[in-house]
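> Everything below, folded, please.
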Amino acid sequence: MEKSTRRKFSDEFKEEAVKLVTDQGYKISEAARNLGIHDTQLRRWVKAKTPEEKLSTASMSQLQNELKQLRRENERLRMEREILKKAAAFFAKESV
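Purely as a prediction, here's the structure:
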(Lines give C-alpha, C1' and ligand atoms only; values in the text may rest on other atoms or scores of the structure.)
Protein backbone atom coordinates (compact mmCIF):
# COMPACT_ATOMS: atom_id res chain seq x y z
CA MET A 1 0.00 0.00 0.00
CA GLU A 2 1.35 3.40 -0.98
CA LYS A 3 1.43 6.16 1.50
CA SER A 4 -0.05 9.33 0.06
CA THR A 5 1.77 12.59 0.56
CA ARG A 6 0.03 15.78 1.47
CA ARG A 7 0.09 18.60 -1.01
CA LYS A 8 1.49 21.80 0.39
CA PHE A 9 0.34 25.16 -0.85
CA SER A 10 2.17 28.44 -0.54
CA ASP A 11 0.66 31.30 1.40
CA GLU A 12 0.41 33.28 -1.84
CA PHE A 13 -1.63 30.53 -3.47
CA LYS A 14 -3.95 30.40 -0.48
CA GLU A 15 -4.41 34.17 -0.46
CA GLU A 16 -5.19 34.25 -4.18
CA ALA A 17 -7.66 31.40 -3.78
CA VAL A 18 -9.42 33.22 -0.94
CA LYS A 19 -9.52 36.42 -3.01
CA LEU A 20 -11.31 34.55 -5.78
CA VAL A 21 -14.12 33.85 -3.34
CA THR A 22 -14.16 37.05 -1.29
CA ASP A 23 -13.28 39.71 -3.86
CA GLN A 24 -14.33 38.29 -7.20
CA GLY A 25 -17.49 36.58 -6.05
CA TYR A 26 -16.77 33.02 -7.14
CA LYS A 27 -18.57 30.25 -5.31
CA ILE A 28 -16.28 28.14 -3.17
CA SER A 29 -17.06 24.97 -5.09
CA GLU A 30 -16.44 26.66 -8.44
CA ALA A 31 -13.14 28.23 -7.38
CA ALA A 32 -11.93 24.98 -5.79
CA ARG A 33 -12.77 22.98 -8.91
CA ASN A 34 -10.89 25.48 -11.11
CA LEU A 35 -7.87 25.41 -8.80
CA GLY A 36 -7.83 21.62 -8.50
CA ILE A 37 -8.35 21.49 -4.75
CA HIS A 38 -11.15 20.16 -2.59
CA ASP A 39 -13.86 22.67 -1.71
CA THR A 40 -13.59 21.81 1.98
CA GLN A 41 -9.96 22.91 1.94
CA LEU A 42 -10.81 26.22 0.30
CA ARG A 43 -13.68 26.74 2.74
CA ARG A 44 -11.22 26.35 5.63
CA TRP A 45 -8.85 28.88 4.07
CA VAL A 46 -11.66 31.37 3.59
CA LYS A 47 -12.83 30.90 7.16
CA ALA A 48 -9.29 31.29 8.50
CA LYS A 49 -8.55 34.44 6.49
CA THR A 50 -11.78 36.34 7.18
CA PRO A 51 -12.78 35.95 10.84
CA GLU A 52 -12.14 39.63 11.58
CA GLU A 53 -14.62 40.65 8.89
CA LYS A 54 -17.46 38.88 10.64
CA LEU A 55 -18.48 41.04 13.54
CA SER A 56 -20.50 39.62 16.36
CA THR A 57 -23.90 41.12 17.00
CA ALA A 58 -22.63 42.60 20.27
CA SER A 59 -19.83 44.48 18.56
CA MET A 60 -22.21 45.50 15.78
CA SER A 61 -24.59 47.08 18.29
CA GLN A 62 -21.65 48.84 19.96
CA LEU A 63 -20.65 50.28 16.60
CA GLN A 64 -24.20 51.44 15.93
CA ASN A 65 -24.38 53.14 19.33
CA GLU A 66 -21.06 54.85 18.73
CA LEU A 67 -22.25 55.98 15.31
CA LYS A 68 -25.41 57.51 16.82
CA GLN A 69 -23.34 59.30 19.45
CA LEU A 70 -20.90 60.66 16.87
CA ARG A 71 -23.74 61.88 14.66
CA ARG A 72 -25.31 63.75 17.61
CA GLU A 73 -21.95 65.30 18.48
CA ASN A 74 -21.38 66.26 14.86
CA GLU A 75 -24.77 67.99 14.69
CA ARG A 76 -24.09 69.86 17.96
CA LEU A 77 -20.70 71.04 16.68
CA ARG A 78 -22.25 72.27 13.43
CA MET A 79 -24.83 74.26 15.39
CA GLU A 80 -22.12 75.77 17.59
CA ARG A 81 -20.12 76.75 14.52
CA GLU A 82 -23.16 78.46 12.97
CA ILE A 83 -23.78 80.38 16.20
CA LEU A 84 -20.16 81.53 16.29
CA LYS A 85 -20.33 82.63 12.65
CA LYS A 86 -23.44 84.71 13.37
CA ALA A 87 -21.88 86.20 16.50
CA ALA A 88 -18.71 87.12 14.63
CA ALA A 89 -20.76 88.76 11.88
CA PHE A 90 -22.83 90.66 14.48
CA PHE A 91 -19.79 92.01 16.32
CA ALA A 92 -18.00 92.84 13.07
CA LYS A 93 -21.05 94.86 11.96
CA GLU A 94 -21.18 96.78 15.26
CA SER A 95 -17.48 97.66 15.21
CA VAL A 96 -17.85 99.44 11.86
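> Can you point out the buried residues in stretch 7-26?
Of the residues in stretch 7-26, 14, 17-18, 20-21, 26 count as buried by neighbour count, 16 or more other Cβ atoms under 10 Å. Quick note: C-beta positions are derived from backbone N, CA and C, even for glycine.
> Report the two of the residues you listed separated the most.
The largest separation in the buried residues of stretch 7-26, counting by Cβ to Cβ, is between 14 and 26 at 14.8 Å.
> Show me the shaky parts of the chain.
In the prediction, the chain carries residues with pLDDT under 70 at positions 1, 50-58.
> Would you map out the domains in it?
Using automatic domain parsing, the domain ranges for the chain come out as 10-54, 55-96.
> With distance to residue 2 as extra columns, can I get those in CSV?
Output for those, formatted as CSV (distance: least, Cβ to Cβ, whole Å):
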stretch, distance to residue 2
domain 10-54, 19
domain 55-96, 46
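> and among those, the most buried is which?
domain 10-54 (a mean of 14; mean count of other Cβ atoms under 10 Å).
> what distance separates that domain from the centre of its chain?
Here the centre of domain 10-54 is set off from its chain's centre by 17 Å, with Cα atoms, centre = their mean, to the nearest Å.
> Figure out how far the helix or strand that contains residue 94 is from the centre of its chain.
Element membership for residue 94, per DSSP states H and E: helix 57-95. Chain-centre distance of helix 57-95: 27 Å, with Cα atoms, centre = their mean.
> for that helix, packing partners?
The criterion is 3 or more Cβ pairs under 8 Å, 6 or more residues apart in numbering; DSSP states H and E, and there are no helices or strands that helix 57-95 contacts.
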